[in-house]
Structure formats: C-alpha cells, structure tokens
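In: Pasted the sequence and its predicted model underneath.
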Amino acid sequence: MHLVILLHSSDTAISIEEEETPEEVKENMRLNKQIIETIKLQPWRMKKKYKILRKAKAYVRKHEGELAQSKRSKDVFAKYTLLWSRVLRGAEDMTGMRKEIKSEEKESALNLKNIWDFEGYLKYSPIFYGYYSNQEKTEEGYRVPLAYFLTSIAVYIFSFFAILRRMAENSRMSKLSEKDDECTFAWKLFTGWDYMIGNPETAYNKVASLVMGFKEAILEEKEKKKEEKSWKLISIRVAANFAVFILLASSAYAVVLVVTRSQEPEAQENGTWYRQNEVSPRFSLVDPGKPGTS
C-alpha cells in the first residue's frame with residue numbers, strides 16, 4: 001500500500017490503495033500530515049488546495065480514530081484483566097478466612113440463647129464480620145467490629161443532620177411564603193398613605209389615623225408577649241420538665257438494674273430461659289415509656 005500524490009499544474013489527487021499494512025498506514029499518516037502543514041505554501045488555486053486538504057484530513061481523521069480506538073480497547077482490556085487477576089489472587093489469599101461455623105460451635109449453634117444473641121450460624125452470615133474474617137483486629141491493630149459500629153453511627157449522624165437541615169430549610173421557606181407577616185411596619189407605612197390627598201385637613205386626619213394604627217399594633221405585640229410570659233404557662237412547662245426528668249431517671253435506674261441482674265450467676269448458667277434472656281424484653285418495655293430526647 002502506498003500513497004500517490006500527483007502535483008501537476010492541471011490536476012492534483014490522492015489515490016490510496018486498499019489493504020494497508022500498519023507500517024504503510026503510519027507512513028501515509030506522516031505524508032498526509034505533512035501535506036496539511038505545507039498546503040498553504042503551495043502556489044495553487046484555492047479550490048485545488050481545499051480539495052487536497054479535505055482528502056488529507058479525512059484520511060488522518062479516519063486512521064487516527066482507528067489507532068486511538070485500538071489502543072484504548074487494548075488499555076481497557078488490560079486494565080480489566082489486571083483487576084480480575086487481582087480479584088482471583090485475593091480470593092486465593094482469602095482461603096484461610098472461614099465463612100463456615102467451627103465444628104466445636106455446631107453443637108450449640110441452634111440453641112435459642114445463641115440465636116437470641118446472634119451467635120452460631122447467624123454470626124457467620126453476611127451481615128456480621130464473622131462471615132468475612134475470624135480476626136477481630138487487622139494487621140494495623142484496628143478492630144473490625146469497631147469499624148462496623150463507627151460506620152453505622154456515622155451514617156446515622158449524617159442522616160439526622162441531613163433531615164434537620166431539610167426541615168429547617170422547609171420551615172424558612174414556609175415563613176417566607178407568608179408575606180403579610182413580614183415587614184409589618186414598612187407595609188403599613190408605605191401602603192397606608194393616600195397620595196391623592198390634596199386637602200391639609202384630610203392629610204392631618206390621615207396622619208392621625210396611621211399613628212393610631214401603629215399604636216394599636218404595638219399594643220397587640222405587647223399583649224402577645226404578656227400572654228407568652230403568663231405564670232400559668234410557665235408552671236405547666238416546669239411541671240412537664242419535672243415529669244420528663246423523673247421518667248429519664250426511672251429509665252436509667254431500670255437499665256442499670258437489668259444490667260446488674262444480667263451479670264449475676266443465675267442469669268448466666270443456672271437460671272431459667274427468661275432469667276437468662278430478660279435484658280432484651282425489659283429494654284423493649286423501657287424504650288416506649290421513656291420520653292424522646294430530641
């Protein structure tokens with residue numbers, strides 16, 4: 001395959017044969033790029049220059065795209081091949097990690113106490129760290145259960161913050177939607193005056209009316225503040241806060257009492273099933289009775 005360039009005074013053409021080899025493609029690319037760079041220096045008519053330039057650019061664009069696509073495909077294939085080999089190598093390295101329950105734990109794996117405490121088969125399910133590794137610490141000393149716990153706490157805090165932020169934004173937008181409650185003084189001052197008044201006596205009466213309206217509005221605001229600071233409302237709030245404090249104290253005492261009872265020998269070995277598993281039911285009863293701290 002070769003590139004033929006006819007540079008006669010009468011005609012100029014670029015003829016390209018089929019089935020090019022990679023070396024010929026590179027050589028023709030070099031020649032076409034050279035034509036593109038030097039075409040403006042040739043003493044030809046503009047029509048001839050445009051014709052040659054268009055063919056040269058078409059050839060370069062076509063083969064550059066093919067070369068770039070071929071190179072990109074090779075890079076993508078090599079990247080995914082490397083990633084897949086790393087995954088397989090990682091799977092081979094992880095053969096020492098157990099995803100099945102130990103033989104000594106199988107005897108008590110189906111006991112109700114182990115199931116209640118998420119031990120046994122549940123411990124080695126995909127939702128617990130025992131499914132992925134039998135190591136509680138990494139090589140750097142970082143505790144894997146602590147990582148799961150801190151991640152859950154971080155997600156909960158972020159969700160709580162996002163919800164509060166959205167609620168505050170919605171509240172602010174709802175306040176902005178009520179235009180009558182904003183800039184009360186400016187609304188009454190600039191919209192209450194009648195600019196068509198031409199009589200001094202009428203203007204004086206209008207001023208007196210506006211002043212009276214402002215005084216009434218100020219008195220209304222003062223009355224609202226007095227109502228908010230009424231002793232009846234304050235006493236009710238104090239009683240409610242005292243009741244909340246009593247409930248919180250009783251809930252804390254109940255939690256401490258249950259935890260203390262769960263550490264007694266009867267609750268661990270010799271007691272009944274309810275005595276051994278009374279922590280979760282009692283916590284479930286305490287939680288609805290305590291007031292929300294939010």
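Out: Arrived safely.
In: Check which helices and strands the helix or strand harbouring Lys222 sits against.
Out: Following DSSP states H and E, one finds Lys222 within helix 200-228. Helices and strands touching helix 200-228, by 3 or more C-beta pairs under 8 Å, 6 or more residues apart in numbering; DSSP states H and E, are helix 184-191. To be clear about C-beta, it is placed using only N, CA and C from the backbone, and glycine gets the same treatment.
In: what comes into contact with the helix it packs on?
Out: With contact meaning C-beta atoms under 8 Å, 6 or more residues apart in numbering, helix 184-191 is reached by 180, 210, 213-214, 217.
In: Find the pair from these with maximum spatial separation.
Out: Spatially, the most separated pair among the contacts of helix 184-191 is Asp180 and Leu210, at 17.9 Å (C-beta to C-beta).
In: quick one, what contacts Leu164?
Out: Leu164 touches nothing, counting by C-beta under 8 Å, 6+ apart.
In: Tell me how this structure divides into domains.
Out: When the chain is parsed with the TED database, its domains come out as 20-89, 93-134, 139-182.
In: ranking the ones you listed by mean pLDDT, which is last?
Out: The stretch with the lowest mean pLDDT among the domains of the chain is domain 93-134, at a mean of 69.
In: Could I get the full set of helices for the chain?
Out: For the chain, the helices defined by DSSP state H cover 22-38, 46-93, 103-106, 112-116, 144-177, 184-191, 200-228, 231-262, 265, 273-276, 279-289.
In: So which of these is the most surrounded?
Out: Neighbour counts (mean count of other C-beta atoms under 10 Å) averaged over each of the helices of the chain peak at helix 22-38, with a mean of 15.
In: Counting by contacts, list what that one packs against.
Out: Right, helix 22-38 is packed against strand 3-7, helix 46-93 by 3+ C-beta pairs under 8 Å, 6+ apart.
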